[in-house]
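Engineer: this is the structure alone, sequence omitted:
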């Protein structure tokens, strides 16, 4: 295994401090392309859960670097389109027949000055299309993937805002645009339903943006139609790249990968007894992953503590949902709600907590001790409490 500070062999859905491009499926394997420093590299997986470093495909020479972009498998070739950063930044293309040796196209992908970077390339209607982002979001088109012409202004400029990493996906029979926004105060990512007619150069938004639980979003559409979302976990002390799955179920749903959820079918189910306003349960020390789900009605606060090292909580009077791991704490305001559902997943260095439509995650130094404590304060008690223990 090569010595690399940024990327290592990983389990589950956790990656290091990298800029994700997207996932390409080829000959039974998934390839996750990403950039770090001056290189574009990739990870490989057979199941979308366990990933291994699979080498660099290109390395820019100083003083240039490799920014983000996208990968595409078409007509037996893999194409990677990316930003070359530094002096005279431009959008570049490399391609490969065997997926190992990549050749660089000698000219910029866009002649003249491009209207942005973070290129996302996709194929539709017999032609190639490329979204780029900057002070706006713009769409180009090409017949051969190398000669591009300007087509549509998707988003115009907004004072003080830089747009990032756009893509268009299809969920539940509808089109959605996924993109990031950054200004002087904060960075966010959104998904919004849209209508687009590339031939007539028409684009419009159809609803309010929904904020996503990650930053710098990148999407990948798999052969079975599922849409995966990669990006940086919000509010973490260091950058962590994670894979999620987007779905449309009377609204946008962001959840763990199906492959991870299906691992629960071989789980051992334990139910805990409610004792007044507190519930206690213990597990064996050699377990690798614990999922705890609980439903609380109308209490003022709920707190789940895992071995004292991890605490997830909700306080209705303040409208705050919080997660604390090894002394690091993050909170998000969600408002007062009468009913809450926690889903806590601990796996190989990351603690993920899903609470209704909210997602928080923090890195773990060590697995906590196997004791679980649930406390409810207020006028109600826990009405359902179950613990699912995954045994690998």
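Structural biologist: Thanks, I have the structure now. No experiment lies behind these values; they were computed from the predicted model shown.

Engineer: domain assignment for this protein?
Structural biologist: Listed domain ranges for the chain are 14-261, 267-390 (source: automatic domain parsing).

Engineer: these: lowest mean pLDDT?
Structural biologist: For the domains of the chain, the stretch scoring lowest in mean pLDDT is domain 267-390; its value is a mean of 61.

Engineer: export the domains of the chain to TSV and tack on mean neighbour count?
Structural biologist: Any C-beta I mention is one placed from the backbone N, CA and C, and that applies to glycine too. Compiled in TSV, those are given as follows (neighbours: other CB atoms under 10 Å):
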stretch	mean neighbour count
domain 14-261	18
domain 267-390	17
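
Engineer: now do the same contact list for residue 332.
Structural biologist: Listed by CB atoms under 8 Å, 6 or more residues apart in numbering, the contact set of residue 332 reads 235, 320, 321, 322, 358, 360.

Engineer: given the helix or strand hosting it, what are its sheet partners and their directions?
Structural biologist: Taking DSSP states H and E as the criterion, residue 332 maps to strand 328-333. If you go by DSSP bridges, strand 328-333 pairs up with strand 320-325 (antiparallel).

Engineer: so residue 254 makes contact with residue 213?
Structural biologist: Yes: using CB atoms under 8 Å, residue 254 is in contact with residue 213, at 5.8 Å.

Engineer: for residue 22, list the residues it contacts.
Structural biologist: Applying CB under 8 Å, 6+ apart to residue 22 gives the contacts 32, 33, 70, 71, 120, 218, 219, 220, 230.

Engineer: please apply the same query to residue 258.
Structural biologist: So residue 258 contacts 226, 245 (CB under 8 Å, 6+ apart).

Engineer: can you do 10 Å?
Structural biologist: Listed by CB atoms under 10 Å, 6 or more residues apart in numbering, the contact partners of residue 258 are 48, 224, 226, 228, 245, 247.

Engineer: ok so, going back, off-centre distance for the strand holding residue 332?
Structural biologist: Between the centre of strand 328-333 and the centre of its chain there are 19 Å (CA atoms, centre = their mean, to the nearest Å).

Engineer: equivalent analysis for stretch 322-338, please.
Structural biologist: Centroid separation for stretch 322-338 versus its chain: 20 Å, with CA atoms, centre = their mean.

Engineer: contacts only, for the most centrally placed residue in the chain.
Structural biologist: Centroid-nearest residue in the chain, with CA atoms, centre = their mean: residue 230, separated by 2.7 Å. If a contact means CB under 10 Å, 6+ apart, then residue 230 has 13, 15, 18-23, 32, 34, 165, 214, 216-220, 241-244 as its contacts.

Engineer: for the closest residue to it other than its chain neighbours, what are its contacts?
Structural biologist: Of all residues not flanking residue 230 in the chain, residue 20 sits nearest, at 4.2 Å (CB to CB, 6 or more residues apart in numbering). Counting by CB under 10 Å, 6+ apart, residue 20 makes contact with 32-35, 68-70, 165, 214, 216-220, 229-232, 241-243.

Engineer: whichever strand or helix holds residue 20: partners in the sheet, and parallel or antiparallel?
Structural biologist: If you go by DSSP H and E, residue 20 is part of strand 19-26. Using DSSP bridges, the strands paired with strand 19-26 are strand 29-36 (antiparallel).

Engineer: relative to strand 29-36, how tilted is the helix or strand following the strand it pairs with?
Structural biologist: Toward the C-terminal end, the helix or strand that comes next after strand 29-36 (DSSP H and E) is strand 39-45. Angle of strand 39-45 versus strand 29-36, following axes from the mean of the first three to the mean of the last three CA atoms, to 10 degrees, is 150 degrees.

Engineer: much appreciated, bye for now.
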